[in-house]
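Q: sequence first, predicted coordinates after that:
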Amino acid sequence: MPQVVEVLVEGGKATPGPPLGPAIGPLGLNVKLVVDKINEATKDFAGMQVPVKIIVTDPKKKEFEIEVGVPPVSQLIKKELGLSKGSDAPKNNIVGNLTMKQVIRIAKAKQEQMLAADLKAAAKEVIGTALSMGVTVEGKDPREVQKEIDEGVYDEVFANAEE
């Protein structure tokens, strides 16, 4: 049975210190090798917290694999809009605006990990996160856009996104 260690690291900036070092040190792996592999695999997610699994496939030979997850939706929204953080008062303080194309791009990136039945449902989840972060969608209140999705206003955009 392979041993698995799950950690959250900053994309491209994992270090041998906590949380990584203490988690993988006892497994007898070469910590520098693991850190280098993680940084190579997560460099596209610079500035974001990325879930990473380290799977020890052969403890005797010190062989391992890493699986990189997709950052949380809130991190993807922040990257898409170039934000350092969401709003501290999402009802009154709007910090950004997503286009429907951006919403769909984020939904596609996260869809496998969501409970959403289809791309529309995944997009509505992304829009829900945007609401809690003080981010509008297409210049409107996110709740209004969720209703519009249900009413078919964006059907053409979704049809083009499925291709």
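A: Everything's here; your move.
Q: rest of the way, CA atoms for contacts and neighbours
A: OK.
Q: how close does the residue lying closest to Ala41 once chain neighbours are set aside sit to Gln111?
A: Closest residue to Ala41 apart from its sequence neighbours, by C-alpha to C-alpha, 6 or more residues apart in numbering: Val68 at 7.1 Å. Note on Val68: its distance to Gln111, by C-alpha to C-alpha, to the nearest Å, is 15 Å.
Q: these two: which has the busier surroundings?
A: Taking neighbours as other C-alpha atoms under 10 Å, Val68 and Gln111 compare with Gln111 leading, 21 against 16.
Q: where's the more buried one relative to Pro18, distance?
A: 30 Å.
Q: same check on Pro51?
A: 14 Å.
Q: tell me which of the two has more neighbours.
A: When Pro51 and Pro18 are compared for neighbours, Pro51 comes out ahead with 18 against 12, by other C-alpha under 10 Å.
Q: report the contact partners of the closest residue to Lys43 other than its chain neighbours.
A: Counting by C-alpha to C-alpha, 6+ apart, Gly12 is the residue found nearest to Lys43 once chain neighbours are left out, at 4.0 Å. Contacts for Gly12 (C-alpha atoms under 8 Å, 6 or more residues apart in numbering) come out as Ile38, Asn39, Glu40, Ala41, Thr42, Lys43, Asp44, Phe45, Ala46.
Q: Throw those into a markdown table and include neighbour count, thanks.
A: Listed next are the contacts of Gly12 as a markdown table, based on neighbours: other C-alpha atoms under 10 Å:
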| residue | neighbour count |
| --- | --- |
| Ile38 | 25 |
| Asn39 | 20 |
| Glu40 | 14 |
| Ala41 | 16 |
| Thr42 | 25 |
| Lys43 | 15 |
| Asp44 | 11 |
| Phe45 | 19 |
| Ala46 | 14 |
